[in-house]
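**Student:** quick one: sequence plus predicted model below, questions after.
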Amino acid sequence: MKYLILSLLSFFALSLGAQDFSLHVSPKGIIIQCYDQQIPKSTLIERAEGNGKFTELARLSKPNSPEEVKLRLLAFAERLPLRRPLNLLTEDLWETAQTGVLEERLARDPENRIALGMGFYDHSAKAGKRYRYRINGREREIQFKQPETYAFEWSLAAKSETGARPEALWISTSAFEMQRMRVYRSLIGQEEVWEINPIKTLYRTPAGDSILASFTDTSVVESGQYTYTVELFDRFGVPGNGLNPMHLTWLNPDQRPRISRFAVDGQKLNWTLERPKLARSLHIYRGRSTEGPFERVASLLPHETSWEDQQDIPMEAMFYYIQVNDLDGEKYRSLFASHVDEQELTALPPDRFEAVSGPEGVQLIWSPARGMVRGYRVYRRDGYRGEWEPASGFLPADSSLSWVDHSAVLQAGKVYTYAVRAESESYSLSELSPASSVRIPSTESLPATQWIEAVIDNNQVVVSWENMFARVPALKSYRLYRRSADSKEEWMLIADSLDRKSNRHIDKSLREAGGYAYSVVVTDIFGNESELSQEALIEWKPSAQGPQHLTALKVQNGILLEWSPPGKADQILVYRLENGADWELIESSDHKDRQHLDTNVTAGQIYEYKIVARSFEEGDEEAAYPVVIRY
């Protein structure tokens, strides 16, 4: 009865827990990753210090809600930055938890396994100690010592202080291990430092010879002089030497000093400057028409609010505007002021402006401008920093608050930035409105892979194909299809959204013997896809399949072995290895057996076991992993 109870308990533990696992050193602890493809309902992790006794460390469980997934990710993020945005990752992992199968694209990052109940971050481990971990009879040990910091060289490639948000880009030709980023911000001259969560990217260039690190600070609101510090880590949190702190002066476009009122009053110019503390000086320009040319005639302090032109030419014949010189230089220009324009007020630019890519071109929409507006003119530039050029002709105000750009110069895959100016009744143009950028989707068919091959290996099919990253810069993923080779049946999708960094997939789903064909499709970030590639053919003949899981448990009267069901087997053979000798057959049993008790063991001796599934028709197949145990 005692033996039966122990057998049932061990079998129950096997059915619930993960089988094989790995240990990885992180600066703040030891990361444990279980390697089951199926997500288990429960897994018990035990730990022993040195040669001490095993005690329960953690009992993992499959998440029951997206909130539980998010809480586990937040706990991980306290020690290591997540590689993907929290909300997107939570949604992805919850969908995975519901399917019960961990996809290859999610298998590499430890936070994914931890959130799904397939991993654990042991942050109670102490430096210098040796630990043994056990999961369902399999043991592994590790010495916990602080890993060495990577040493890489980075160079600052670009930074933006004048855009809608602060941005920076670094490049390195050696830091390929870096996969995580943490960003801090502080005001120059103050000790307080904040960790921020910007839009951040860390990726290899298409050529594969460089790695880029960039961020956009979307949380900054107040204008000021800031210092940004960036920390980089590998997948398990081992730090790199980081990037040099970056200093920049950023002015919120909505908080820049602006001239809100500018007019001629008698023989003087009068104006109101908003936020004068952020301005360095005011420069007054003069010309004979709104088209120029203009000359600078005065430089004034920010607190000054009026100025009189002392020249011989009457002010009534001239046009004036003020250029605000702030911390970034001359960035904002006022509207025109003139006696000629006194009865016909100038126009302000629209407050809101949006560009959206559509099937007929770029749809541009803006809010009505204030002032005496007769119409609008749309401007366009290449990318984010090109020169502004007219995109539209004159658009009457009474019929135009939108316009579609379907110009022949627009190229698929490129980014364009748009803005609009309001034109007043006196034909003067306002400042540019807030800008909006859009990427033109590609409508060209993507090239198919030039080669694909399929190889049978260890009772599974390994399919590989051409890496398309160099030929398709906007590559998103691959889709793999399969069908019977001797028929023209519909292709069956067997793998969707395969990682663009991998051009290989293992098909473990074949059961019936016969000929099969594989084909792959390339997709990009714009939703385009290639034709099916040429076919890779195999002749599938299933062989004996060894058990995928094997455990060894020390019980009162020996060592109890238990294994998962084999595939297509007529007989089970149990082998044992002792003291470096040859494998010894210790049991031959029916293929339906799932356990064996080895009573011929000696206390203190180390034994290694393996299970072989024998098919009289196809031959032998070993179990996935041997096990080692000390009795």
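**Tutor:** Thanks, I have it.
**Student:** all helices of this structure, in order?
**Tutor:** For the chain, the helices defined by DSSP state H occupy 2-16, 66-77, 86-99, 110-115.
**Student:** lowest mean pLDDT across those, which one is that?
**Tutor:** Sorting these by mean pLDDT places helix 2-16 lowest, at a mean of 44.
**Student:** quickly note the distance from the residue nearest to residue 65 when sequence neighbours are not counted to residue 70.
**Tutor:** Leaving aside its sequence neighbours, residue 65 sits nearest to residue 94 (CB to CB, 6 or more residues apart in numbering; 7.7 Å). Bear in mind the C-beta positions are built from the backbone N, C-alpha and C, glycine included. Here residue 94 is placed at a distance of 9 Å from residue 70 (CB to CB, to the nearest Å).
**Student:** ditto for residue 41
**Tutor:** 20 Å.
**Student:** neighbour count winner among those two?
**Tutor:** For residue 41 versus residue 70, neighbours defined as other CB atoms under 10 Å are more numerous around residue 70 (19 against 13).
**Student:** who's in contact with residue 244?
**Tutor:** 154, 156 (CB atoms under 8 Å, 6 or more residues apart in numbering).
**Student:** hmm, try it at 7 Å
**Tutor:** Residues in contact with residue 244 (CB atoms under 7 Å, 6 or more residues apart in numbering): none are found.
**Student:** tell me how far it lies from residue 155.
**Tutor:** 9 Å.
**Student:** what's the answer for residue 209, then?
**Tutor:** 14 Å.
**Student:** residue 390 now?
**Tutor:** 37 Å.
**Student:** what does residue 434 give?
**Tutor:** On the measure of CB to CB, residue 434 and residue 155 end up 32 Å apart.
**Student:** those two - which one has more neighbours?
**Tutor:** Neighbour totals were compared for residue 434 and residue 155, and residue 434 leads with 16 against 11 (other CB under 10 Å).
**Student:** beta partners for the nearest residue to that one once chain neighbours are set aside?
**Tutor:** Of all residues not flanking residue 434 in the chain, residue 353 sits nearest, at 5.3 Å (CB to CB, 6+ apart). Taking DSSP bridges as the rule, residue 353 bridges to residue 366.
**Student:** what sits against residue 353?
**Tutor:** 366, 419-420, 433-434, 436.
**Student:** possible to save these as JSON lines with distance to residue 199 and pLDDT?
**Tutor:** Formatted as JSON lines, the contacts of residue 353 follow (distance: CB to CB, whole Å; pLDDT from 0 to 100):
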{"residue": "366", "distance to residue 199": "25", "pLDDT": "92"}
{"residue": "419", "distance to residue 199": "22", "pLDDT": "95"}
{"residue": "420", "distance to residue 199": "26", "pLDDT": "95"}
{"residue": "433", "distance to residue 199": "24", "pLDDT": "91"}
{"residue": "434", "distance to residue 199": "19", "pLDDT": "91"}
{"residue": "436", "distance to residue 199": "17", "pLDDT": "91"}
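**Student:** just the residues you listed: which are in strands?
**Tutor:** 366, 419-420, 436 (DSSP state E).
**Student:** mind putting the residues you listed into TSV with distance to residue 215 and neighbour count?
**Tutor:** Listed next are the ones in strands among the contacts of residue 353 as TSV, based on distance: CB to CB, whole Å; neighbours: other CB atoms under 10 Å:
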residue	distance to residue 215	neighbour count
366	30	25
419	25	23
420	30	28
436	21	19
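**Student:** closest to residue 293 out of those?
**Tutor:** residue 419 (23.6 Å; CB to CB).
**Student:** ranges for the strands of the stretch 201-350 of the chain?
**Tutor:** 211-216, 224-233, 246-250, 258-265, 268-274, 279-287, 294-300, 306-307, 319-326, 329-333 (DSSP state E, counting those that start in this stretch).
**Student:** was I right about residue 62 contacting residue 117?
**Tutor:** Yes - with contact defined as CB atoms under 7 Å, residue 62 reaches residue 117; the gap is 4.7 Å.
**Student:** helix or strand with the lowest mean pLDDT in the chain?
**Tutor:** Within the chain, confidence by mean pLDDT, DSSP states H and E is lowest for helix 2-16 among all helices and strands, at a mean of 44.
**Student:** may I have stretch 47-58 exported as PDB, CA atoms only?
**Tutor:** Taking C-alpha atoms only, stretch 47-58 is exported to PDB below (Å, rounded to 0.1, in the frame of the first residue of the first chain):
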ATOM      1  CA  ARG A  47      15.800  24.100  -3.500                       C
ATOM      2  CA  ALA A  48      18.700  22.900  -1.400                       C
ATOM      3  CA  GLU A  49      21.700  24.900  -0.400                       C
ATOM      4  CA  GLY A  50      24.900  23.000  -1.000                       C
ATOM      5  CA  ASN A  51      24.400  19.400   0.100                       C
ATOM      6  CA  GLY A  52      21.500  20.300   2.400                       C
ATOM      7  CA  LYS A  53      17.900  19.000   2.400                       C
ATOM      8  CA  PHE A  54      15.500  20.000  -0.300                       C
ATOM      9  CA  THR A  55      12.600  22.300   0.700                       C
ATOM     10  CA  GLU A  56       9.800  23.800  -1.200                       C
ATOM     11  CA  LEU A  57      10.800  27.100  -2.900                       C
ATOM     12  CA  ALA A  58       7.800  27.900  -5.100                       C
END
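**Student:** excluding residues flanking it in the chain, which one is nearest residue 465?
**Tutor:** Residue 465 sits nearest to residue 452 (CB to CB, 6+ apart), 4.1 Å away.
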